[in-house]
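Trainee: Need a 3D model of the following:
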Amino acid sequence: MNPSLPPEPSRSSNQVDRRAFLGTTAALTAGVMILPGRVLGRGGEKPPSEKLNIATIGAGGRAADDIDALKSENIVALCDVDDNNAAETYRKFPKARRYKDFRVMLEKEKGIDAVLVATPDHIHAVASMAAIRAGKHVYCEKPLTRTVKEARALAMAAREARVATQMGNQGMAFEGNRLIKEWLAADAIGPVREVHVWSDRPTHRGRMPLWWPQGLERPSDTPAVPDTLDWDLWLGPAPYRPYHPAYVPFKWRGWWDFGSGGLGDMGIHNLAPVFDALKLGAPIRVHATSTPVFKETVPVAAIVHFAFAARGDQPAVKLHWYDGGLLPERPEELEESRPLDAEDGILFVGDKGKMIVKGWGGENPRLLPESRHRAFTPPPKTLPRSIGHHAEWVKACKQGTPTASNFSFAGPLTEAVLLGSIAIRCQGAELAWDPVAMKIPNNPEAEQYLHYDYRPGWSL
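Mentor: Reported below is the predicted structural model:
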């Protein structure tokens, strides 16, 4: 965990929700908090136990799935820059008010309690920050931000505002994440000093075609913008470029101005169980190798190496990321008849053995070889189980309970992932990282990738 960002404090279920607390000035008399009537549900206000009024920034694509998971609450406002992409969600929620500019929505929708942000990565930070500053709880899709500076700023703002937050890496709610931590705590493989994590993205099991385009130059033609799309709002803070269908919808992930390729997409999922179980924070060094690096797009395949210092009684860790169909060396303990999952996975290497896990969510952990796994007696299940990823956030908004991927966890995780992206762009140079100063002391030129200048009219 980044030392400058302590974990968000958890609260008991009888405490008031963050939004209500922000809107009050509580008097403390003899140790008792005096709350205004509206927090208790009088005067026409909703008590925290009732349904949330949720506004969404993004309504099509991944946002549609998130909205479906939240439909038991009140979806009162929908914002999307592309009417065509959002059409099905608009049809499902005909009473929800519609907007194209989230800044206008947040200004007009004073009665909302919480905001879902599910847009291309380059909009995440400005949209989430605007919602936090308006005192709203925030669920933001992964990766939390597009730049390291944004990730740090958003985590700090959420902590200071004391709003309920959750990043959209659903695997943090899965059973496997709990099993990994319980097995490691029971010394199943001893202290972990090395981890290998992989994903086939942007390929399909290492084969073409790509999920989205990477490893190419910017198109030179300038077709007309579709009537249903507000291209200027889609760009938001990103540097201006002419519209092209090479970017939308969902083709943006491989372009540096908008996303961070397979590492930003599946790295957040597959690395989260590792960061959580091993209590990793900021890496001390990062370097990468890859297929050819293009100026504007992520290479088709890359390997990123992270080094983490010792943490308390846990040793230093070397963490290796592989994408685009690249895989780690096959572990000797893996039976010849058993394939190494080409789609995604995690291999923990401990002093006493190895554990292999399906990727995001840490699904189906198994000790290697299989004979050792069969002889293993799992320890008792001592960690709390999740009520569901989206349900965690809804409950947190209402009762102040913890979430597994709040921004105090998601921020440092995203920072590390994006440092890996910077290492890819630096083509083999090893980068030292100073997380307190937010500097790359051995390569100041690489610091240009920590953030960028927003277009006029946009701010963090």
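Trainee: Now Gln314. Its backbone dihedrals?
Mentor: With angles defined as degrees, to the nearest 10, Gln314 sits at phi -100, psi 140.
Trainee: likewise the one 4 residues further on?
Mentor: Backbone geometry at Lys318, expressed as degrees, to the nearest 10, gives phi -100, psi 120.
Trainee: Quickly list what it is bridged to.
Mentor: When assigned by DSSP bridges, Lys318 has beta-bridge partners Glu194, Ala307.
Trainee: from here on, count from 20
Mentor: In the new numbering, first residue 20, that becomes Lys337.
Trainee: Next, count neighbours for it.
Mentor: 14 (other Cβ atoms under 10 Å). Bear in mind the C-beta positions are built from the backbone N, C-alpha and C, glycine included.
Trainee: surely it meets Ala326?
Mentor: Yes - if you go by Cβ atoms under 8 Å, Lys337 and Ala326 touch, sitting 5.9 Å apart.
Trainee: how about the helices of the stretch 320-469 of the chain, start to end?
Mentor: For the stretch 320-469 of the chain, the helices defined by DSSP state H, counting those that start in this stretch occupy 389-394, 408-418, 426-444.
Trainee: Buried residues in the shortest one, which are they?
Mentor: Residues of helix 389-394 classed as buried: 391-392 (neighbour count, 16 or more other Cβ atoms under 10 Å).
Trainee: Run the chain-centre distance for that helix.
Mentor: Taking the mean of its C-alpha atoms, helix 389-394 sits 34 Å from the chain's own mean (Cα atoms, centre = their mean, to the nearest Å).
Trainee: Same check on the last one?
Mentor: In terms of Cα atoms, centre = their mean, the centre of helix 426-444 is found 10 Å from the chain centre.
Trainee: by contact count, what packs against that helix?
Mentor: Counting contacts by 3 or more Cβ pairs under 8 Å, 6 or more residues apart in numbering; DSSP states H and E, helix 426-444 packs against strand 156-160, helix 167-180, strand 184-187, helix 287-297, strand 304-309, strand 321-327, strand 450-451.
Trainee: Is it possible to get TSV of these that adds distance to Lys458 and mean neighbour count?
Mentor: Formatted as TSV, the entries for these read as follows, by distance: least, Cβ to Cβ, whole Å; neighbours: other Cβ atoms under 10 Å:
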stretch	distance to Lys458	mean neighbour count
strand 156-160	26	28
helix 167-180	11	22
strand 184-187	25	30
helix 287-297	22	24
strand 304-309	14	21
strand 321-327	17	22
strand 450-451	9	18
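Trainee: can I get these in TSV with distance to Tyr109 and mean pLDDT?
Mentor: Conversion of the helices and strands packed on helix 426-444 to TSV gives the following (distance: least, Cβ to Cβ, whole Å; pLDDT from 0 to 100):
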stretch	distance to Tyr109	mean pLDDT
strand 156-160	19	98
helix 167-180	28	98
strand 184-187	21	98
helix 287-297	29	97
strand 304-309	40	98
strand 321-327	38	98
strand 450-451	45	98
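Trainee: Quick check: which of the ones you listed is nearest to Cys416?
Mentor: strand 156-160 (4.3 Å; Cβ to Cβ).
Trainee: Adjacent strands (with direction) for that closest one?
Mentor: Sheet pairing of strand 156-160 (DSSP bridges) gives strand 133-136 (parallel), strand 184-187 (parallel).
Trainee: TSV please, covering those and showing distance to Val214.
Mentor: Formatted as TSV, those follow (distance: least, Cβ to Cβ, whole Å):
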stretch	distance to Val214
strand 133-136	30
strand 184-187	21
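Trainee: of those, which approaches Gly255 most closely?
Mentor: strand 133-136 (11.9 Å).
Trainee: Can I get the closest one as PDB, trimmed to CA atoms?
Mentor: C-alpha atoms of strand 133-136 as PDB (Å, rounded to 0.1, in the frame of the first residue of the first chain):
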ATOM      1  CA  ALA A 133     -24.000   8.100  -6.300                       C
ATOM      2  CA  VAL A 134     -22.400   8.100  -9.700                       C
ATOM      3  CA  LEU A 135     -21.300   5.200 -11.900                       C
ATOM      4  CA  VAL A 136     -18.400   6.100 -14.200                       C
END
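Trainee: returning to what we had before: which one of the strands paired with strand 156-160 lies nearest to Gly331?
Mentor: For those, distance to Gly331 was read as Cβ to Cβ. The smallest value, 24.9 Å, belongs to strand 184-187.
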